[in-house]
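Asks: structure for this input, please:
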Amino acid sequence: MNIPRLLLILLLSAVPTYLLLLGFIYLSQRTLLYPGAEDIAAPERASWGENVSVKTPDGETLHGLYSEGNPDRPSVLLFFGNGDRVDNYGFLAQALAARGIGLLAISYRGYPGSTGSPSENGLLTDGIAAFDWLASRVKGGIVVLGRSLGTGVAVNTATQRPATGMILVSPYLSVQSVAQARYPFLPVSLLIKDSFRSDLKIAAVKQPKLFIHGRLDDSIPLSSGEALYRIAAEPKQMLVGERSGHNDIWNDKTVSEVIHFVESLESDAT
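Replies: Alright, predicted model coming up:
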C-alpha cells in the first residue's frame, strides 16, 4: 500500500471519530461546566448564617445562606465557582460579621437546594434576583463578589443593578476564551452554549473594582484576568497572589483585602 493511500485511509477514519467527539462535547458541555449542580435538598441546619429562599422572575427557587450585618454597614453578595457550594463560605461570613458586614451567598439554579437546571441565562437571572432580594432587606450598600465562574454573574449584575462596588476573584475574559485555550483542537465558538462574555460587559461597570488572581492559577490563567482588568474602566485595582493558584486563592490576606475594599467604599461614600 502506498503512503498517499494510507494517509487517505487514516484521514477518513479520523473524521468520524472527531465528529463523534464534537457531538459528545456539545451534548455534555453543561455537565462539564457546572460540576457542582446536584439535585439534593439544602441541609435543614445552616452551616453558617441562616437558610433563605430567593424567588426568581422565571419561577425558580434558590437556596441561600445569609449572615445579616449591622443596619448601617454594607453587605456582600457572593457568586461562587462552578464546583463550589454556599456551605464553604463560613470563613468569609465570620470575618465579615466581625466587622458588622453582611453576606448573602446563593446556590445557583440546579445546585444543592435550588430548583431548575443551570445555564448562562439562568445564572444571570439568579444574580439579579439575589441582588433584589438583598436590596429589599438592607439599607447599606451592596458589593457583588464573584469567584471563578461567578465573576461572569457578578459583572452582569453590576451592569444592571446599583452595586457600590465589585470584587472579582480569579476572573476571566470569557468562558469561551478559556475553553478555546484549553481545547485548541475544537471549534469552541461554534459549540459553546454558555460563553459568559465578561469582556463585552466589563466596560459598563463604572463602580470601583477589585481584581484578585493567583499567579499560579492553571484553571483560569492570570493572563485572562489581566486582560479583563485592562479593558475595565477606572476606578480599579488588581492584586496578584504570587504563590496562589486557583483553588488556594482564599487565604487570610485575600479575606483582609476584601474587607479593606468593602470598608474603603463605605468611607468614600461617607
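Asks: what are the ranges of the strands in the stretch 151-270 of the chain?
Replies: For the stretch 151-270 of the chain, the strands defined by DSSP state E, counting those that start in this stretch occupy 165-169, 209-214, 236-241.
Asks: so what touches the second one?
Replies: Contacts of strand 209-214 with the rest of the structure, by Cβ atoms under 8 Å, 6 or more residues apart in numbering, involve 165-171, 220, 222, 225-226, 228-229, 232, 235-241, 243-246, 248-249, 254, 257-258, 261. To be clear about C-beta, it is placed using only N, CA and C from the backbone, and glycine gets the same treatment.
Asks: can I have the buried ones of those residues as a PyMOL selection?
Replies: Selecting only the buried entries of those in PyMOL, with 16 or more other Cβ atoms under 10 Å as the criterion:
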select buried, resi 165+166+167+168+169+170+171+220+222+225+228+229+232+236+238+241+244+246+249+254+257+258+261
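Asks: what's near enough to touch the spatially most central residue of the chain?
Replies: Nearest to the mean C-alpha position of the chain, by Cα atoms, centre = their mean, lies G150 at 0.8 Å. Shown in contact with G150 (Cβ under 8 Å, 6+ apart): L78, F79, F80, G81.
Asks: and which of those residues is nearest T157?
Replies: F79 (7.6 Å; Cβ to Cβ).
Asks: what's around the closest one, how many residues?
Replies: A total of 27 residues lie near F79 under the criterion other Cβ atoms under 10 Å.
Asks: may I have the phi/psi pair for it?
Replies: The phi/psi pair for F79 (degrees, to the nearest 10) reads phi -120, psi 110.
Asks: next, count neighbours for the closest residue to E242 other than its chain neighbours.
Replies: Spatial nearest neighbour of E242, chain neighbours left out: R215 (5.3 Å); criterion: Cβ to Cβ, 6 or more residues apart in numbering. Residues contacting R215 under the criterion other Cβ under 10 Å number 12.
Asks: quick check: R215 touching V240?
Replies: Yes: between R215 and V240 a contact is recorded at 5.5 Å, counting by Cβ atoms under 8 Å.
Asks: between these two, which contacts overlap?
Replies: L222.
Asks: any buried residues in stretch 116-136, and which?
Replies: Quick answer for stretch 116-136 (16+ other Cβ under 10 Å): 116, 118-120, 122-131, 133-135.
Asks: and it, how far out from the chain's middle?
Replies: 12 Å (Cα atoms, centre = their mean, to the nearest Å).
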